[in-house]
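Peer 1: next one to model:
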Amino acid sequence: MNDLLLEIGCEELPARFIPGVLEQLTLKVQHYLGEARISYNKVNTFGTPRRLALIIEGVAGKQQDLEEEIKGPPLKVAFDSAGNPTQAALGFARNQGVAPADLVQKSIAAGDYVYAVIRQVGEDTENLLPAILERVIGELSFPKSMRWTTKQRFARPIRWLLALYGNKVLSIEYAGVRSGNNSYGHRFLHPGPVKIEKPADYCQAMEKAWVIVDQEARKAVISQQIDAIAKQVEGEVMAQDELLWEIVYLVEYPTALCGSFDPAYLTLPPEVLITPMKEHQRYFPLLDDAGQLLPKFIAVHNGTDEHLDLIRMGNERVLKARLDDARFFYNEDLKRTLRSRVDDLKAVVFQEQLGTIYEKVERTGKLAAYLADQLGLEQERRDHTIQGAYLAKADLVTNMVGEFPELQGVMGREYALYDGEPKGVAMAIYEHYLPRFANDQVPQTLPGALVGIADRIDTIVGCFAVGLTPTGSQDPYALRRQAAAVLTIILEHDLPLNLTELITKSYELYLEGHSLQIPVQDMVSEFFKARFQRILEEVYGLRYDIVEAVLAAGIGPVTDVLVRGVVLQEALEQGHLESLLKAYERVSNLAAKATQEEIDPQLLTEEAEGHLFSVYKRVEEEVESLVANRSYRKVVDSLQALVDPVDNFFDKVLVMAEDSAIRANRLALLAAISRVMSSLGNLKSIRVS
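Peer 2: Numbering: from 1, shown residues only. Got it, this is the predicted structure:
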């Protein structure tokens, strides 16, 4: 039993590639070792900008022996009455590579059969590992790959391969590079080779060569350093876990340093300073006790603390240039009002077949007004919604957003406030982009929520109308994310909006200015339904069958679908649904045969059916009122009143009577009861575990 080490040395990898490929390394090596019947204790993966490494502890010296039983012909076919093997047995034994005398008899439920027992002695692991490792390397995938002097592809050119099993070098080759027992240290601090004697020495040997290969260890070092620096300057590091991990994969030997900038820049909006620091320079902004920006930042240098003053000055000089640009763009933008820029959107294409951003703004405004009217907003919030939609995209043609696209919405809010626009309008401009990613905050104001919904619905419907639908992993317009955002906003704000009607309204607005050939309402509804299903299951924890039940009637009033799902799941878990589901199944099976809707009370001649009819009428009236008031929990209780009358009806009444009028009347009664029982969803979808 030995440890296994694989290191792939290459040119600098993009930081965003590394986490995914480390996960692939783990999964692929686990798969192929398992397939080869090679046992091991633990898999560890490490990644830096210049290397991907794998250490597997306790790899067995031999693969496990294999014993496999292969079923052959029935015993009575394999041997004659004298016990001699027939041609069937001889042919089976020959095909399996065993002697006829080695066939064994085994009894199973289907009878007595002969089996060939195949025994394969495990090979030495050392002989199997090279092919496995080459296969693992060759199957690694990246968002973008490149080819240099070989046919094989990789994210960046491979410069060395290190492969050790215990203290033995494994001979592997990929992309024209052969393996050895040498790694290479930090590009500048230790550019020469580092000989690795055995896997257990790897991490320590590399640290002596100024490389901390363990990403968790690098993260801990960076976190400790930046916290210490922040404490020294009486500041607090702005929460940036995503940035921290990016820096972890940008450096091999981190050293944090504190820089500063002219406090005069603090007169700019905070985001104007934060964006160049965080997005462009990968600096950590610092806040004071009141949560205000300090004129300081923390950078992480890939190296030691030598010449740190020069490095600090270089970082400060680069940031100053960025902030000078930002201040210039900001001051230039203030020379025009945000409203004056809306007409400029006529020159900006939204999508080739769907026109300009200005046309999109017009449609979004109408859709936002429609939403405000649907919700009965008071005049002030209605005005904020409509004006927010009108100004929502105006900052796209500002200098600041042109230079820093990450600030769209943010600068719209700042410029609107500077122009004296109401705060509600300014917040709607900013919030209509929220949520921007998974787990991001949703709009806090109702105008912001409505403008965000209107903008996304317009994009989704338009893209579907011109055939730009997501396929597989391809979703260039992020329609899946936008649909999920619409649903999330509606649910978070508990908005009584009918999504089906909203989709239709959006399509009608497109028809006013475009000749669209594809009626997409049903397609878009199904698209939203798939997103809604995931949200209900993954975010709200509803069972798949409950989700299927409540979505059977469509996406309609979104919040009602969620509430009905929660009510049904609670009732099921509390044991309140089992009898109702059984009754519904009996009713719905025959209800499908109904040929009329009208029920004639005069034809209800049996006492059991008359009683069922009277209970049904009472329950129908109750349920209609309860549903109108969204009292869905009480709906379950009301429907329970039908269970005993339904059971009694089936026990005492022949539904399929010879008299066609009576038969049709009874089926109509069952169909009516089935519709009432379906008030919360298609109960037939629900499984009682």
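
Peer 1: the closest residue to Ser588 other than its chain neighbours: which element?
Peer 2: Leaving out its chain neighbours, the residue that sits closest to Ser588 by C-beta to C-beta, 6 or more residues apart in numbering is Ser674, at 4.8 Å. Backbone N, C-alpha and C define where each C-beta goes, glycine included. Here Ser674 sits within helix 660-677, counting by DSSP states H and E.

Peer 1: what about that helix, average pLDDT?
Peer 2: Averaging pLDDT along helix 660-677 gives 94.

Peer 1: again, but for stretch 358-374
Peer 2: Averaged over stretch 358-374, pLDDT sits at 97.

Peer 1: repeat for stretch 217-233
Peer 2: 96.

Peer 1: likewise for stretch 551-570?
Peer 2: The average pLDDT within stretch 551-570 is 92.

Peer 1: buried residues in that stretch?
Peer 2: For stretch 551-570, a neighbour-count test (16 or more other C-beta atoms under 10 Å) marks 551, 555, 557-569 as buried.

Peer 1: need the longest helix for this protein.
Peer 2: Longest helix in the chain, counting residues (DSSP state H): helix 308-333.

Peer 1: and the helix or strand just after that one, how far from the chain's centre?
Peer 2: Heading C-terminal from helix 308-333, the first helix or strand you meet, by DSSP H and E, is strand 349-351. Centroid separation between strand 349-351 and its chain, computed with C-alpha atoms, centre = their mean, to the nearest Å, is 27 Å.

Peer 1: try stretch 612-632
Peer 2: 40 Å.

Peer 1: what's the answer for stretch 72-92, then?
Peer 2: 57 Å.

Peer 1: quick thing: my sequence starts at 23, can you match it?
Peer 2: Let's use 23 as the start, then, which means that last one is stretch 94-114.

Peer 1: Three-state assignment for the most centrally placed residue in the chain, please.
Peer 2: Residue closest to the average C-alpha location in the chain (C-alpha atoms, centre = their mean): Ala460, at 7.5 Å. Applying DSSP: H, G, I helix; E, B strand; the rest coil to Ala460 yields a three-state assignment of coil.

Peer 1: got the phi and psi for it?
Peer 2: phi -60, psi 140 (degrees, to the nearest 10).

Peer 1: and what of Thr493?
Peer 2: Dihedral pair for Thr493: phi -130, psi 120, per degrees, to the nearest 10.

Peer 1: just grab the bridge partners of it for me.
Peer 2: Thr493 forms beta bridges with Gln496, as assigned by DSSP bridges.

Peer 1: tell me the pLDDT of it.
Peer 2: Looking at Thr493, the pLDDT reads 86.

Peer 1: so Arg404 sits against Ala391, correct?
Peer 2: Yes. Using C-beta atoms under 8 Å, Arg404 is in contact with Ala391, at 7.4 Å.

Peer 1: hang on, the earlier thing: got the buried residues for the longest helix of the chain?
Peer 2: Here helix 330-355 shows 333-334, 337-338, 340-341, 344-345, 348-349, 351-352, 355 as buried, counting by 16+ other C-beta under 10 Å.

Peer 1: excluding its backbone neighbours, what's nearest Ile540?
Peer 2: Ala487 (5.4 Å).
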